[in-house]
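>>> 3D, please:
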Amino acid sequence: TAAPTRKAEGKKQMKSSKKATKSKSTKQVSTTLQSDTSHQSPLLEQAPDGFWKLPDRYDVDLMHAVVQSPNSVYVYWEVSDTVKETLAMQFMRPWEDLPKAFRILDVTLLDYTSGHANRSYTFELPEMTNSWFVRPLDPNTTYVFEFGIRTMEGEFLPLVASTPLDTPRAEPAGVGRFAEPVRRWQYGEVESPELLDTLPKYAAYRFVR
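Residues are numbered from 1 along each chain as shown. Here you go, the predicted structure:
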């Protein structure tokens with residue numbers, strides 16, 4: 001009677017040892033997974049509570065304009081470190097000491113790349129400024145915004161510029177200030193659009209035609 005009891009006890013010990021090895025292996029696997037996930041990205045380690053942390057800047061030259069209303073536009077920009085260092089060497093002054101300026105260009109019905117503008121307005125900016133709410137602006141107008149510095153002679157030197165941006169209409173379509181030139185061209189009273197020869201490039205005129 002003693003022999004079968006020993007065999008049963010031996011089986012129980014083997015089962016318990018197998019369970020112990022399984023739990024150890026699962027713990028080892030879980031610890032390895034945790035150590036792998038903790039080193040997936042340095043951004044996760046720096047961010048609070050494991051969320052992604054967006055960088056403060058991307059070290060590129062850019063300017064974007066976003067329409068807020070027919071009379072307001074939000075503009076933000078960035079200047080790369082390479083450009084800042086180049087200007088500091090050229091003007092022999094630190095980037096922080098160079099006077100910053102912002103220019104608004106009205107390029108309605110004009111080709112901005114040709115250097116023409118209906119009107120422009122330039123004003124000084126505080127240091128460390130990288131965004132601005134531009135207002136008041138005219139509705140149904142094409143604008144280009146530029147950020148730059150003032151040279152020692154007081155001239156404006158643009159560094160980054162936005163793409164041409166159209167502010168929305170503030171009145172129903174067809175009664176804007178350019179409705180009459182469009183109507184004359186639409187009905188063939190004139191051979192080409194008035195005011196400028198580059199108007200056929202605009203998709204709005206091709207649609208009306």
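>>> how about low-confidence regions in the chain?
1-51, 173-177, 193-209 (pLDDT under 70).
>>> for it, which segments count as strands?
62-69, 72-78, 100-106, 119-125, 131-134, 142-150, 156-161, 165-166 (DSSP state E).
>>> quick one: residues in contact with stretch 90-107.
Here stretch 90-107 makes contact (CB atoms under 8 Å, 6 or more residues apart in numbering) with 84-85, 87-88, 112, 116-127, 129, 132, 134, 137-138, 141-152, 156, 158, 164. For every residue, glycine as well, the C-beta is placed using N, CA and C.
>>> circling back to that earlier point, Glu189: which of the strands of the chain is closest?
strand 142-150 (24.3 Å; CB to CB).
>>> in PyMOL, select just the buried ones from the contacts of stretch 90-107.
In PyMOL syntax, the buried subset of those is picked out as below (16 or more other CB atoms under 10 Å):
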select buried, resi 87+112+117+132+134+137+141+142+143+144+145+146+147+148+149+158+164
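>>> out of the strands of the chain, which gets nearest to Val190?
Nearest of the strands of the chain (CB to CB): strand 142-150, 21.3 Å.
>>> what's that closest one packed up against?
For strand 142-150, the elements it packs on are strand 62-69, strand 72-78, strand 100-106, strand 156-161, strand 165-166, judged by 3 or more CB pairs under 8 Å, 6 or more residues apart in numbering; DSSP states H and E.
>>> in its sheet, what does that strand sit against?
strand 100-106 (antiparallel), strand 156-161 (antiparallel), strand 165-166 (antiparallel) (DSSP bridges).
>>> between strand 119-125 and it, find me the angle.
Put simply, strand 142-150 runs at 40 degrees to strand 119-125, going by axes from the mean of the first three to the mean of the last three CA atoms, to 10 degrees.
>>> C-alpha coordinates for strand 142-150, CSV please?
Output in CSV follows, covering the C-alpha atoms of strand 142-150 (Å, rounded to 0.1, in the frame of the first residue of the first chain):
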residue,chain,number,x,y,z
THR,A,142,-5.6,88.0,-52.5
TYR,A,143,-2.9,88.4,-49.9
VAL,A,144,0.7,87.3,-49.5
PHE,A,145,2.4,87.5,-46.1
GLU,A,146,6.2,87.7,-45.6
PHE,A,147,8.4,87.6,-42.5
GLY,A,148,11.9,89.0,-42.6
ILE,A,149,14.4,91.4,-41.0
ARG,A,150,15.4,95.0,-41.4
